[in-house]
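>>> I would like to see how this sequence folds:
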Amino acid sequence: MADMTWIILGMTLLGVTIWFGNGIRRIGAVSSGDPIGDQSGIAFLMIDLQTVFWEAGMFTEAMKAEAKTQILAELDAAKSNKIPIIAVCQEWSIPSTKAVARLLMKGQAVAGTPGTEVAAPFNGLADHVIVKRVQDAFETKELDELLKQLGVGQLRIVGLDTNYCVAKTALAARQRGYDVEIVRRGVLSADPKTAKKTLSMLHENQVKLR
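Numbers count the residues shown, from 1 in each chain. You can find the predicted model right below:
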């Protein structure tokens, strides 16, 4: 009986480990999708510029001030040129990814928790708001459909974090055939040194840097 108990406990632990590991895998995966059609319009993506991240202390005030100035200037230009602005907001809602977020990310941006709204400096500026479940904003296909409706083939990206959600969304967009441009002074990273390598990798994948 004791041996059976240990076997059951071992199998349970293995199952939980696999389930948790799958959550980590899903968080960082880059989705594939259908190649875009004859779409030439431009859209502006604001990625994860949410209260919970903007005010979490991950970025220095100087970093935030520089990024804020650049982002607001970009958004003002977009509005002047009638370029649609899409805010992409993180909400961990898949059970395994919620568990990862609670254990490894201080529970930030779990669906239903405070702070998932667009941060005050950028609130009300987006024409559309999309909720994503993982780092890649295309994972749910909702962004695919919106961009198709808008006739968009070019994306300009600002937001955070360069090493994670910005990078994964840019790579997913390139896989679909979008022309992608990242505004370097409009993206933030808690690890600027690694961000330089990330931007270099994105450039190698035909992501434009401006």
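>>> tell me the phi and psi of Glu181?
phi -130, psi 130 (degrees, to the nearest 10).
>>> Could you count how many residues lie near it?
17 (other C-beta atoms under 10 Å). (Glycine included, C-beta is placed from N, CA and C.)
>>> Across the sheet, point out what pairs with it.
Under the criterion DSSP bridges, Glu181 forms beta bridges with Arg156, Lys208.
>>> And the strands in the chain?
41-47, 85-90, 128-132, 152-160, 179-188, 208-209 (DSSP state E).
>>> Any chance of CSV for those strands, columns mean pLDDT and distance to Val30?
CSV is the format used below for these (pLDDT from 0 to 100; distance: least, C-beta to C-beta, whole Å):
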stretch, mean pLDDT, distance to Val30
strand 41-47, 97, 14
strand 85-90, 98, 15
strand 128-132, 98, 13
strand 152-160, 98, 15
strand 179-188, 97, 13
strand 208-209, 98, 18
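>>> Output those in TSV; the columns should cover distance to Asp34.
As requested, the strands of the chain are exported to TSV (distance: least, C-beta to C-beta, whole Å):
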stretch	distance to Asp34
strand 41-47	17
strand 85-90	19
strand 128-132	18
strand 152-160	13
strand 179-188	16
strand 208-209	22
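>>> In contact with Phe122, which residues?
46, 49, 71-72, 75, 87 (C-beta atoms under 8 Å, 6 or more residues apart in numbering).
>>> what two of those residues have the greatest distance between them?
Greatest spacing in these, by C-beta to C-beta: Leu72 and Ala87 (13.6 Å).
>>> which of these two has more neighbours?
Ala87 (25 against 15).
>>> For this protein, give me the ranges with low pLDDT.
1-17, 19-20, 23 (pLDDT under 70).
>>> And the helices in it, which stretches?
2-28, 51-54, 61-80, 95-104, 142-150, 167-176, 192-204 (DSSP state H).
>>> I'd like those helices as JSON lines, with distance to Ala119 appended.
What follows is those, written out as JSON lines (distance: least, C-beta to C-beta, whole Å):
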{"stretch": "helix 2-28", "distance to Ala119": "22"}
{"stretch": "helix 51-54", "distance to Ala119": "4"}
{"stretch": "helix 61-80", "distance to Ala119": "9"}
{"stretch": "helix 95-104", "distance to Ala119": "19"}
{"stretch": "helix 142-150", "distance to Ala119": "20"}
{"stretch": "helix 167-176", "distance to Ala119": "18"}
{"stretch": "helix 192-204", "distance to Ala119": "20"}
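>>> who wins for proximity to Asn123 among those helices?
The closest of the helices of the chain to Asn123 is helix 51-54. By C-beta to C-beta, the value is 8.6 Å.
>>> Which one of the strands of the chain lies nearest to Leu143?
Per C-beta to C-beta, nearest to Leu143 of the strands of the chain: strand 128-132, 5.3 Å.
>>> Right, I'll leave it there.
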